[in-house]
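J.: coordinates only, sequence not included:
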Ligand SMILES: Nc1nc2c(ncn2[C@@H]2O[C@H](COP(=O)(O)OP(=O)(O)OP(=O)(O)O)[C@@H](O)[C@H]2O)c(=O)[nH]1
């Protein structure tokens, strides 16, 4: 894979210099691409980094690339690992590193689709072992090669529904937008997961309005959002809550406060 192209847009820092000479650290998202040889992992990575489609890559190269992004008005750093899964290698090294995984298959190869299922299962096994939730996206690539299609969109979607992951069909050979949608989709899913895992923080509540405090109207319940990302309820998180309750896993109860005969519920 041609590192030169990727590094044109890539930057290796996660601290952004400010005008006053200080720097702020940006949130980082590590994403690994998994899939069998030739499904287009490198092509998708390069397309996302450079908006260009390059046809030939060294299939035995494995590397990590970094891109500055702005998603929902928040600046972030996206790190992408384009993996080469040689026999006998330890797939856990990707999983330890990754905040999110994109499993790629080619719509022109049924075998790559079957292997995608195995990749997803290995991620889920790792999750069960470590109790770490790693957001997953399943991607059917090469949709420009419709005439050679071996895997229907419905089959891709069914596998994603079964495994509770995001699903996209895309192509590295044509439109940039559909490739960007995949990477932004997994970043947002990772963000939701990070928010879900954040511990509840105490909040200062008052009826008056000193600056920095939160005042809620009579009878209202407060829903506080962190800046940057909208806290949308995804189909996956809804499905996960159902799964959690089925497993007997219950989310932390929402603390409620009673001040001057008014009840407030604080969501953090
Ligand atoms: N038509 C078409 N060809 C693609 C697409 N994506 C990748 N290819 C081609 O498929 C071949 C394999 O692509 P790679 O990106 O090297 O695949 P890979 O998954 O990275 O494969 P390894 O690096 O060998 O693991 C190359 O010739 C690419 O040009 C696509 O969306 N459409």
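T.: Noted; the coordinates are in hand. Computed from a predicted structure; not experimentally measured.
J.: how about the residues of the stretch 101-250 of the chain near the ligand?
T.: Listed as neighbours of the ligand in the stretch 101-250 of the chain under the rule C-beta under 6 Å from any ligand atom: 141-142, 144-145, 171-173. All C-beta spots, glycine's among them, are computed from the backbone N, C-alpha and C.
J.: pull the most distant pair out of the residues you listed.
T.: Considering C-beta to C-beta, no two members of these lie farther apart than 145 and 172, which are separated by 11.2 Å.
J.: so for the two, which residue has more residues nearby?
T.: residue 172 (27 against 14; other C-beta atoms under 10 Å).
J.: let's verify that one: helix, strand, or coil?
T.: Three-state assignment for residue 172 (DSSP: H, G, I helix; E, B strand; the rest coil): coil.
J.: correct me, but it touches residue 44?
T.: Yes. Under the criterion of C-beta atoms under 8 Å, residue 172 makes contact with residue 44 at 4.8 Å.
J.: now do the shared contacts for these two.
T.: 141, 179 (C-beta atoms under 8 Å, 6 or more residues apart in numbering).
J.: look up phi and psi at residue 29.
T.: Dihedral pair for residue 29: phi -130, psi 120, per degrees, to the nearest 10.
J.: which one is residue 187 nearest to, not counting chain neighbours?
T.: Distance criterion C-beta to C-beta, 6 or more residues apart in numbering; nearest residue to residue 187, sequence neighbours excluded, is residue 29 at 5.1 Å.
J.: contacts only, for that neighbour.
T.: Counted by C-beta under 8 Å, 6+ apart, residue 29 has contacts 76-79, 99-100, 187, 190-191.
J.: in strands, which of these fall?
T.: 76-79, 100 (DSSP state E).
J.: mind giving me the ChimeraX command for buried ones among those?
T.: Only the buried entries of those go into this ChimeraX selection, using 16 or more other C-beta atoms under 10 Å:
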select :76,77,78,79,100
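J.: save the ones in strands among the contacts of residue 29 as CSV, and put in pLDDT too.
T.: Shown next, in CSV, are the ones in strands among the contacts of residue 29 (pLDDT from 0 to 100):
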residue, pLDDT
76, 92
77, 94
78, 95
79, 95
100, 97
